[in-house]
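1. Provide a 3D model corresponding to the input given below.
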Amino acid sequence: AAVAAVAADDAAAASGAADAELRANLARAKLARLEALEISDGLGLRGLGVAASRAGTLASLTATAAPVGAAATLVPGVGPVLAASLAALVASYALSWELLDPYFDKKGFLYEQQDKIMWSNRFALCAFAAPFTVALAVPLFGPLATAVAQGAAGTALWRVLEPDDVDAGEGE
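-> Sure thing, here's the model as predicted:
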């Protein structure tokens, strides 16, 4: 029994060392990616075309959602709630894209790449941006929440768009 306990302790220590090494490798890989982003020139003037494409997409989304929301208000009782929820959803999607724009620019992602990323992660990104959408609508408090939202976008980026398990194969 004592031999088994010692073997279990040795296995746990080896596992702990491997976990620490993995965490260190992940930290190095993220730091390398961060340094690459910092020295990147971004899209430059191409960014204007990307921004115009994004604005067109969001305008189309809004133009589609507005009549649906207006029709929803005609439903007795729940209609106004449905319309407000739809408006908040569209606003959250637009805000999450806007908050990630500096990252997309630094990575040099063109519109098609951005659209693919946004659409494939739409649920997580809308859930992330929803509280900020509400906060930004509050007079006087809203502009102050912008800095918090932009800072939180970095955390959402590392957690949703670049999770650790993807990083495991990168680095050295």
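2. what packs against the helix or strand containing residue 70?
-> Under DSSP states H and E, the secondary-structure element containing residue 70 is helix 46-72. Identification of packing neighbours for helix 46-72 by 3 or more C-beta pairs under 8 Å, 6 or more residues apart in numbering; DSSP states H and E yields helix 79-107, helix 111-120. The way it works is simple: take the backbone N, C-alpha and C, and place the C-beta from them, glycine included.
3. Return the set of buried residues in it.
-> By neighbour count on 16 or more other C-beta atoms under 10 Å, the buried set for helix 46-72 is 50, 54, 57, 58, 65, 69, 72.
4. Looking at these, which is nearest residue 144?
-> Distance from residue 144 was checked for each of the buried residues of helix 46-72 by C-beta to C-beta. The minimum falls on residue 58, at 24.2 Å.
5. picking that back up, could you dump the buried residues of helix 46-72 into CSV with pLDDT added?
-> Rendered in CSV, the data for these read as follows (pLDDT from 0 to 100):
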residue, pLDDT
50, 79
54, 80
57, 81
58, 81
65, 85
69, 85
72, 86
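6. out of the helices and strands packed on helix 46-72, which comes closest to residue 141?
-> Each of those was checked against residue 141 via C-beta to C-beta, and the shortest separation belongs to helix 79-107, namely 15.6 Å.
7. Good, wrapping up.
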